[in-house]
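Colleague: need coordinates for the following:
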Amino acid sequence: MRILHTADLHLGRQFNGIPLDADHGAVLDQIVSAITSNRVDVLVIAGDIFDRAAPPTSAVRQFNGFLARVASETAAAVVMIAGNHDSGDRIASMSIMTDARRALIRGAIRADEQPLILTDAYGPVAFTGLPFAYEYAARECFADEALHTPEDVLTAQVSCGRRNIPDGARWVVVSHAFITGALSSESERPLTRVGGVETVSSAVFEGAHYVALGHLHRPQSVGASHIRYSGSPLAFGFDEFDCQKSMSLVEIDAVGRAAIETIPFEPIRRVRVLKGRHAELLLAERSDDFIKVVLTDDAPVIDGMKRIREVFPNACELAYERNERAPAAKLLVGRALALANPVEVVGDFLEHARGDRLSENELAVVAVALGRLRETEDMQ
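Modeller: Numbering: from 1, shown residues only. Reported below is the predicted structural model:
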């Protein structure tokens, strides 16, 4: 069975105040083309379809038109879930009067997750869609006040979904989460309150043959090759300027092995960082790409951005190299965002400060100390 895995469309989003309607239209066209040219059986959209709970009308119309094309121009089934940017109720409303044999659309969390079961030459493949939900909603849904973290919530969801998988079926899980060890970007909204641990262990998905993830914007596998983020079709920040955006084409064989191929997106406007002297950049070829300019001039340039926009009308940021933060410090920040837990955060900071990693005994001391702090907080 062939699956095209996408996520994090963020329809309705802007880039530094510049509308992305045309950019989104181009990537939606590419998704439809990929379904057709690769004879895809199932299109998966793993959350954050819209950029906010109340998206602009133009974004809703754009997505409705896209779904109409998938329905009329292809034979693919559709599996999609709400992400943390979406309104679960809005996404759920799309499932009303849809063909349940060809679509699984999950907007709000429920205690009895029923899969969409499709069949290929080797038998059934079950798709479980697990929409994003905050802890308070999960506690109400599962009548369990012990659900305090995103991992608690997802563990409960996966457990409910697993109970409804037929014996012998290959299993695909669609989820929206931050899995431990994955690399994040600046444009992602946190999934928990300030100070909370939002990461989830990949072990939660034990038994699944493929896990189609959304939330993080860089394409990557995490924990195992079959647990994968497709990433967002477009770059939403300059920290992603070097990231090749792609869809994941997944083929599940007779025993559930997942072979994964990436299909690159071709955006109509790229995200680029240009460095050089102001006078040199003014001689460059005109471009509509989204540009961050880092000037190497020693002295400030009068009307620097205004003159840059004569060549790059979508220039969004201008900085001077002398004011940019040291690469080592930036690396530390980026690494900290992707760490699995607070113990590793402390370990990474101390490695940066003193030049070598903490020993196992030292890490154990840190873990005990942090555990005592948590106990103290819980008692307050």
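Colleague: E280: how many residues sit nearby?
Modeller: By the criterion of other Cβ atoms under 10 Å, E280 has 13 neighbours. Heads up, the C-betas are built off the backbone N, CA and C, glycines and all.
Colleague: would you say it is within a helix?
Modeller: Yes. Following the definition DSSP: H, G, I helix; E, B strand; the rest coil, E280 is counted among the residues of a helix.
Colleague: list the contacts for it?
Modeller: E280 makes contact with no residue under the criterion Cβ atoms under 8 Å, 6 or more residues apart in numbering.
Colleague: quick one: pLDDT of it?
Modeller: According to the model's per-residue confidence, E280 sits at a pLDDT of 96.
Colleague: how far away is it from F238?
Modeller: Summarising the geometry, the distance separating E280 from F238, computed by Cβ to Cβ, to the nearest Å, is 20 Å.
Colleague: equivalent analysis for G83, please.
Modeller: 23 Å.
Colleague: more neighbours: which of those two?
Modeller: When neighbours are counted by other Cβ under 10 Å, G83 and F238 differ, and G83 comes out ahead with 27 against 21.
Colleague: which parts of the stretch 51-200 of the chain are strands?
Modeller: 77-81, 103-106, 116-120, 123-130, 170-176, 178-179, 199-200 (DSSP state E, counting those that start in this stretch).
Colleague: for the protein, which segments count as helices?
Modeller: Per DSSP state H, the chain has helices spanning 21-37, 57-73, 88-93, 135-142, 150-162, 278-281, 304-308, 327-337, 342-354, 360-379. These are given in chain order.
Colleague: worst average pLDDT in these?
Modeller: Least confidently modelled of the helices of the chain is helix 327-337, at a mean of 45 by mean pLDDT.
Colleague: quick revisit: mean pLDDT, distance to T296 and mean neighbour count for the strands of the stretch 51-200 of the chain - can I get that in CSV?
Modeller: Conversion of these to CSV gives the following (pLDDT from 0 to 100; distance: least, Cβ to Cβ, whole Å; neighbours: other Cβ atoms under 10 Å):
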stretch, mean pLDDT, distance to T296, mean neighbour count
strand 77-81, 98, 46, 25
strand 103-106, 97, 50, 22
strand 116-120, 97, 55, 16
strand 123-130, 98, 48, 22
strand 170-176, 98, 41, 27
strand 178-179, 96, 36, 26
strand 199-200, 94, 38, 24
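Colleague: quick one: residues contacting N323.
Modeller: Applying Cβ under 8 Å, 6+ apart, no residues contact N323.
Colleague: and it, what's its pLDDT?
Modeller: At N323, the pLDDT value in this model is 83.
Colleague: from V294, how far off is it?
Modeller: Computed as Cβ to Cβ, the N323 to V294 distance reads 9 Å.
Colleague: nearest residue to A208 in space, please, no chain neighbours.
Modeller: Setting aside the residues directly before and after it, A208 is nearest to V173 in space (Cβ to Cβ, 6 or more residues apart in numbering), at 4.4 Å.
Colleague: so that neighbour bridges to which residues?
Modeller: Applying DSSP bridges to V173 yields these beta-bridge partners: T128, V211.
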